[in-house]
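> no sequence on this one, just coordinates:
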């Protein structure tokens, strides 16, 4: 009996461990199922529901919204504009954040902590407040244009209620995320490796291109994915700084759902946003495999 | 390596010359007015405890640490303010510092690429360098796929392939296990001899310094304590610090009275007359241990009792109480030799030449 029990022992304990691990996953699986999977399934259902012109659902089915979205060039334009704007924001955020992150990575001690807190501190303010701050800076009578007028400019620069405003605002608002992601990805940067490159004859700019940049690519990829996804799904900043003249998927979903009360169209556009997320994630995984 | 310029030929003893080289961090001098000349083709070890300034000196020669004062002259050229990428130094780091995103071949090729060498020439030189460190066939591996010893050899090949003015080695063996360390010692030494490269080796391990180097520089607190051949340092240490740091030694406080020194109840003759407080050092294996009353012809004797016996395979270490002083004595073993037990009365004998005295630090 004891021999059999001993033989069974390790097997049973392994089964026990697996069981415990699965149990630990249950809460997050439940939250994910109720909070994400079900609503997405619901969205899919709504997107093929038939509605009256009042917005009330008839209970019937229709793929009218999908055909509209697929055939109306407006929506293709909307998709292209959304992806383009998000890409521009991502690239600008990367360019502005990279030197800051690199500098922070190389610092140590109290200054590093202080500056890190400063970098993260904008996240303590809601992006609504920060967007209003940008309005004060960018409007026709705002900080920038007042300064330009004082310098003798005749016409104010159009920095708001257009693409420029949306890009400027989103870039600033997303910078903390980018910087944090870059810092997380800079783990492989080793000052000794840079020194080795220097002693082998590489001047500073070649050390950067051949050693620092390649080793920081995982951080760049992670930060870019995060920023791109956040840019695509951001809605308050484009709404306020775009002034209704910049059409993006997120603002359009809002308008259709709240203003026009066309829920099936809003649901259809939401699913398209999800598909873009999926594609971004696939590209990220692909890039990571190549540089890893 | 074949063509020498005029300056080099004129001063072959001063291929590398450090002149009053100083590095200060705030008020503390990490390196304090160091003067040093290194011959062409010489293998020089810089030995000292951590924080003695040896690594800072090496990094100043490589150009990675700016100097506070003084000059670095190599082959007649003042390199003091030349950036590291124009110095032609081959530096091997303690952590190897290989490029993790490049293959072994790309790591070794890096320095040649920076010099704008043609692709075909690079390939030939890389193959040659990898053969030198016995890593042919590993060209396409990444550093992460290599063992510590192999990474070390890649680092060595990468530094040597550019045919550096000086090969600088910063504690290159301290991350390897004991057996591999011994192997790499010989390998680095052989390669350095074969190529005739001038090499500067920084270490805190006296065995490494003594066995590998033509000359050893002992550093302490930012200054050079002594420069000499391994034998000079071991047999003729100029300071108490060198005597204590290089090799094991008995270290006794004593009082000098002309030709003799009094050490805790034992009086011994020493090589030079001294007066006042002194430190006396005697290497444990230079003291003979005989039965009580058996006096050798040696000049210094002490009667004592064994209070501890430690068997270490090749040697037996005895702690011998003589007067108020405990002598550490080391005797090599052989198959027939008996180990003397604790409590045995013995006579210690050692020569005047092996009785080193130093003025005690104030």
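Received the coordinates, thanks. Just so you know, these numbers come straight off a predicted model, no measurement behind them.

> so what pairs up with the closest residue to chain A within the stretch 201-350 of chain B in the strands?
The nearest approach of the stretch 201-350 of chain B to chain A comes at residue B:202, 14.5 Å away (CB to the nearest CB). Using the backbone N, CA and C atoms, a C-beta is placed for each residue, glycine as well. When assigned by DSSP bridges, residue B:202 has beta-bridge partners residue B:46, residue B:170.

> what pLDDT does it get?
In this model, residue B:202 is scored at 95, pLDDT.

> state the distance from residue B:275 to residue B:258.
Look at residue B:275 and residue B:258: by CB to CB, to the nearest Å, they are 7 Å apart.

> repeat that for residue B:209.
According to CB to CB, residue B:209 stands 36 Å off from residue B:258.

> buried stuff in the biggest strand by length in chain A?
Assignment by DSSP state E gives strand A:57-61 as the longest strand of chain A. Of the residues in strand A:57-61, none is buried by neighbour count under the rule 16 or more other CB atoms under 10 Å in any protein chain shown.

> contacting residues for residue 261?
Went with chain A since none was named. Neighbouring residues of residue A:261 by CB atoms under 8 Å, 6 or more residues apart in numbering or on different chains: A:54-55.

> not quite, I wanted chain B
Residue B:261 touches B:254-255, B:267-270, B:274, B:278, B:280, B:355, B:357, counting by CB under 8 Å, 6+ apart.

> chain A contacts on chain B?
Selection of chain B residues close to chain A by CB under 8 Å from any CB of the partner chain yields B:62-64, B:83-91, B:93, B:95, B:97-101, B:110-111, B:114-115, B:158-159, B:162.

> quickly find the element holding the nearest residue in space to residue B:318 that is not next to it in sequence.
Counting by CB to CB, 6 or more residues apart in numbering or on different chains, residue B:318 lies nearest to residue B:329, which is 4.6 Å off, once chain neighbours are set aside. Using DSSP states H and E, residue B:329 maps to strand B:325-332.

> now do that strand: everything it contacts.
Contacts of strand B:325-332 (CB under 8 Å, 6+ apart): B:248, B:250, B:252, B:263-266, B:282, B:284-285, B:287, B:289, B:302, B:304, B:307, B:314-320, B:337, B:348.

> which among these count as buried?
Buried among the contacts of strand B:325-332 by 16+ other CB under 10 Å: B:250, B:252, B:263, B:266, B:282, B:284-285, B:287, B:289, B:302, B:304, B:316-320, B:348.

> just the ones of those residues in strands?
Short answer: these in strands (DSSP E) are B:250, B:252, B:263, B:266, B:282, B:289, B:302, B:304, B:316-320, B:348.

> would you turn the residues you listed into JSON lines with pLDDT?
Formatted as JSON lines, those follow (pLDDT from 0 to 100):
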{"residue": "B:250", "pLDDT": "92"}
{"residue": "B:252", "pLDDT": "92"}
{"residue": "B:263", "pLDDT": "91"}
{"residue": "B:266", "pLDDT": "89"}
{"residue": "B:282", "pLDDT": "93"}
{"residue": "B:289", "pLDDT": "88"}
{"residue": "B:302", "pLDDT": "90"}
{"residue": "B:304", "pLDDT": "91"}
{"residue": "B:316", "pLDDT": "91"}
{"residue": "B:317", "pLDDT": "93"}
{"residue": "B:318", "pLDDT": "94"}
{"residue": "B:319", "pLDDT": "94"}
{"residue": "B:320", "pLDDT": "94"}
{"residue": "B:348", "pLDDT": "92"}
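
> in its sheet, what does the strand holding residue B:329 sit against?
With DSSP bridges as the test, strand B:325-332 is paired with strand B:315-322 (antiparallel).

> contacts for the partner strand?
For strand B:315-322, using CB under 8 Å, 6+ apart, the contacting residues are B:265-266, B:284-285, B:289, B:302-310, B:326-333, B:339-340, B:346, B:348.

> same question, stretch B:266-275
Outside stretch B:266-275, the residues within contact range by CB under 8 Å, 6+ apart are B:256-261, B:280, B:299-300, B:302, B:322-323, B:325, B:352-353, B:355-357, B:359.

> same thing but 7 Å
Residues outside stretch B:266-275 that contact it (CB atoms under 7 Å, 6 or more residues apart in numbering or on different chains): B:256-261, B:299-300, B:302, B:322-323, B:325, B:352-353, B:355, B:357.

> now do that stretch: distance to the chain's middle.
30 Å (CA atoms, centre = their mean, to the nearest Å).

> buried residues, it. List them.
B:266, B:268, B:270, B:274.

> mind putting the residues you listed into CSV with secondary structure?
Formatted as CSV, the buried residues of stretch B:266-275 follow (DSSP: H, G, I helix; E, B strand; the rest coil):
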residue, secondary structure
B:266, strand
B:268, strand
B:270, strand
B:274, strand
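
> which ones are touching residue 159?
Reading this off chain A. So residue A:159 contacts A:138, A:144, A:165, A:168 (CB under 7 Å, 6+ apart).

> correction: the question concerned chain B.
B:90-92, B:167.

> could you verify that it is part of a helix?
Yes: counting by three-state DSSP, residue B:159 is part of a helix.

> hmm, back to that, filter the contacts of stretch B:266-275 down to the buried ones.
Buried members of these, counted by 16+ other CB under 10 Å: B:256, B:260-261, B:300, B:302, B:322, B:325, B:355, B:357.

> and the two most separated of those residues?
Greatest spatial distance in the buried ones among the contacts of stretch B:266-275: B:256 and B:322, 19.0 Å, computed using CB to CB.
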